[in-house]
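S.K.: Quick one: sequence and predicted model below, then my questions.
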Amino acid sequence: MIGFDLSEEQVALQDMVAKFVKNEIIPVAAEYDKLGMLPMDVAQKAHELGLINAGVPEEYGGAGMGMMESCLIAEGLTYGCAGIATSLLLNSIAAIPIMFFGTSEQKEKYLKLICESEEIKFISFAVTEPGAGSDVAAITTKADKKNSEYIINGRKTFITNGDLASIYVVLAKTDPSKAHKGMSAFIVPRGEGIIVGKKEDKMGIRASHTVELIFEDVRVPEKNLLGKEGQGFAVAMEALDRSRALAAATALGLAQRALDESLKYACQRVQFGKPLISQQLIQKKLAEMSMEIDAARLLTWRAAWMVDQGKLPILESSQAKAMAGDAAVRAAVEAVQIFGGYGYSKEYPVEKLYRDAKIFQIYEGTNEIQRLVIAAELAKKVK
Ligand SMILES: Cc1cc2nc3c(=O)[nH]c(=O)nc-3n(C[C@H](O)[C@H](O)[C@H](O)COP(=O)(O)OP(=O)(O)OC[C@H]3O[C@@H](n4cnc5c(N)ncnc54)[C@H](O)[C@@H]3O)c2cc1C
């Protein structure tokens, strides 16, 4: 049977997140967007409520929630601010490679470190490089094996929370003569040789920190190899296949906020003697926003459900991410249009939604790349 009702626990979780967002995130979102900084006190409170590492199993100090619950948290947090939510949710994404490919010793050490520390600890996922974005196999960061350790050299770019992180999951080439099969993943604690480079001055999600990282002779013990040598591409891609539902859910949070703000405004604003909501062209916009958001939410929940069933949703998570990212951008564009000139002003929240929305078509694999994945998966089904 297919059911769409959330459990009592899931509804309680949604309510808890909504209350946190209303009291802690919405009041400071515009200020930290302007500053281009993460409000650390808000991040600490989210950590204390168990919202940061929700998907980490309880035995390693996490909340042990499923992907479905993590998606509900993601949608709720992004409703308040996509920038703050991006930083807070990144731990859930970066912990996935350790959860699925880590040895028990690695999980015991690093998952417990991020979950059980009283003070919030960040973990970053460092894949992208100046010359390797969508084409992950083109990375040039190298990990050379010397006796019982690896020495990492290279440059990563656009790394979320890179300046705040205590731990990095880093993708590097252990055999530069090979493309995909020459890559390995490493757990790299912050330390000597890791230099934080320029911080991006971004159009949107400004409260999340996005930085360049330079690795200069960073020594990592052999036991910090994640998975096997040469398995790095699979580690990264499988982690992204599992976490993409989360990226979709963040896009949904913004899209829903755009719809709610637009509906409220359309009911209040009077032109030509009646509220905007009674104009059919405005109704069409609102109806289409709601159709796309609901369609994206169903795809997102299906992908999350598959992860919780132990499946690897490649096609389904790409469909969800692309649909939700596109829905968020369209909803934000239409929200500004419904607000008219006021939508263009920073005095109203939709201006920020418009700037923030665009990232959902770019990070976690661009929406063009999602379409390539979808087509490749469809082609596999042709007999
Ligand atoms: C705010 C922010 C946070 C980020 N956080 C992280 C992070 O924490 N860790 C991390 O590793 N990375 C992170 N990234 C990087 C992000 O994942 C990359 O920006 C993204 O994968 C695209 O890579 P690129 O920017 O190099 O674009 P490119 O790969 O150069 O692509 C440019 C354009 O060409 C299109 N394109 C590329 N190849 C094809 C193709 N074969 N067919 C059709 N179109 C194509 C793309 O879709 C895109 O529109 C972040 C980026 C941003 C902006």
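M.R.: Everything's here; your move. Residues are numbered from 1 along each chain as shown.
S.K.: From residue 279, how far off is the most far-flung residue of the chain relative to its centre?
M.R.: Here the chain reaches farthest from its C-alpha mean at residue 273, the gap being 43.5 Å by Cα atoms, centre = their mean. With distances taken as Cβ to Cβ, to the nearest Å, residue 273 is found 11 Å from residue 279. Using the backbone N, CA and C atoms, a C-beta is placed for each residue, glycine as well.
S.K.: Show the backbone phi and psi for the closest residue to the ligand within the stretch 51-200 of the chain.
M.R.: In the stretch 51-200 of the chain, no residue comes nearer to the ligand than residue 133, which is 1.7 Å away by Cβ to the nearest ligand atom. Taking degrees, to the nearest 10, you get phi -110, psi -90 for the backbone angles of residue 133.
S.K.: Over to residue 120?
M.R.: Backbone torsions for residue 120, taken as degrees, to the nearest 10, come to phi -60, psi 140.
S.K.: And it, how far from residue 161?
M.R.: Residue 120 is 10 Å from residue 161, by Cβ to Cβ.
S.K.: Which one's more surrounded, the two?
M.R.: Higher neighbour count among residue 120 and residue 161: residue 161, with 24 against 19, using other Cβ atoms under 10 Å.
S.K.: Look up the pLDDT of that one for me, please.
M.R.: On pLDDT, residue 161 comes in at 98.
S.K.: just the helices in this structure please.
M.R.: Assigned helices in the chain, in chain order: 8-20, 26-35, 40-48, 67-80, 82-101, 104-106, 112-116, 232-268, 280-308, 314-339, 350-357, 367-380 (criterion: DSSP state H).
S.K.: Among these, which comes closest to residue 144?
M.R.: When these are compared by Cβ to Cβ, helix 232-268 sits nearest residue 144, at 14.5 Å.
S.K.: in that closest one, what's buried?
M.R.: Using 16 or more other Cβ atoms under 10 Å as the test for burial, helix 232-268 gives 232-259, 261-263, 265-266.
S.K.: filter those by proximity to the ligand?
M.R.: Among the buried residues of helix 232-268, not one lies near the ligand by Cβ under 6 Å from any ligand atom.
S.K.: Around the ligand, which positions in this structure sit nearby?
M.R.: So the chain meets the ligand at 124-128, 133-134, 158-160, 202, 205, 210, 359, 362-363, 365-366, 368-369, 372 (Cβ under 6 Å from any ligand atom).
S.K.: Next, count neighbours for residue 12.
M.R.: 11.
S.K.: Kindly report the same for residue 19.
M.R.: By other Cβ under 10 Å, 12 other residues sit near residue 19.
S.K.: any idea how far it lies from the ligand?
M.R.: Remark: distance between residue 19 and the ligand (Cβ to the nearest ligand atom, to the nearest Å) = 28 Å.
S.K.: The residue of the stretch 201-350 of the chain found nearest the ligand bridge partners, please.
M.R.: Nearest residue of the stretch 201-350 of the chain to the ligand: residue 210, at 4.4 Å (Cβ to the nearest ligand atom). Bridge pairing for residue 210 (DSSP bridges) gives the partners residue 160.
S.K.: can you pull the pLDDT of it?
M.R.: For residue 210, the pLDDT comes out at 98.
S.K.: Tell me if I'm right that it and residue 198 touch.
M.R.: No. Look at residue 210 against residue 198 with Cβ atoms under 8 Å: they stay out of range, at 9.7 Å.
S.K.: close enough to count as contact, residue 111 and residue 64?
M.R.: No. Using Cβ under 8 Å, residue 111 is not in contact with residue 64, being 11.3 Å away.
S.K.: Of these two, give the one with the bigger neighbour count.
M.R.: Per other Cβ under 10 Å, whichever of residue 111 and residue 64 has more neighbours is residue 111, with 23 against 15.
S.K.: Relative to residue 26, how far out is that one?
M.R.: 31 Å.
S.K.: residue ranges with poor pLDDT in the stretch 101-250 of the chain?
M.R.: The stretch 101-250 of the chain contains no residues with pLDDT under 70.
S.K.: Tell me who's in contact with the nearest residue to residue 108 once chain neighbours are set aside.
M.R.: Closest residue to residue 108 apart from its sequence neighbours, by Cβ to Cβ, 6 or more residues apart in numbering: residue 60 at 7.0 Å. Contact analysis of residue 60 by Cβ atoms under 8 Å, 6 or more residues apart in numbering lists 107-108, 111-112, 115.
S.K.: List buried residues within the residues you listed.
M.R.: Among the contacts of residue 60, those classed as buried by 16+ other Cβ under 10 Å are 107, 111, 115.
S.K.: In contact with the closest residue to the last one other than its chain neighbours, which residues?
M.R.: Leaving aside its sequence neighbours, residue 115 sits nearest to residue 61 (Cβ to Cβ, 6+ apart; 3.2 Å). Residue 61 makes contact with 53, 111-112, 114-116, according to Cβ under 8 Å, 6+ apart.
S.K.: which ones are touching the most centrally placed residue in the chain?
M.R.: Centre of the chain computed as the mean C-alpha position; nearest residue by Cα atoms, centre = their mean is residue 247, 4.4 Å away. By Cβ under 8 Å, 6+ apart, the residues touching residue 247 are 93, 321, 324-325, 360, 363-364.
S.K.: ditto for residue 14
M.R.: 6, 72, 76.
S.K.: Done for today, thanks.
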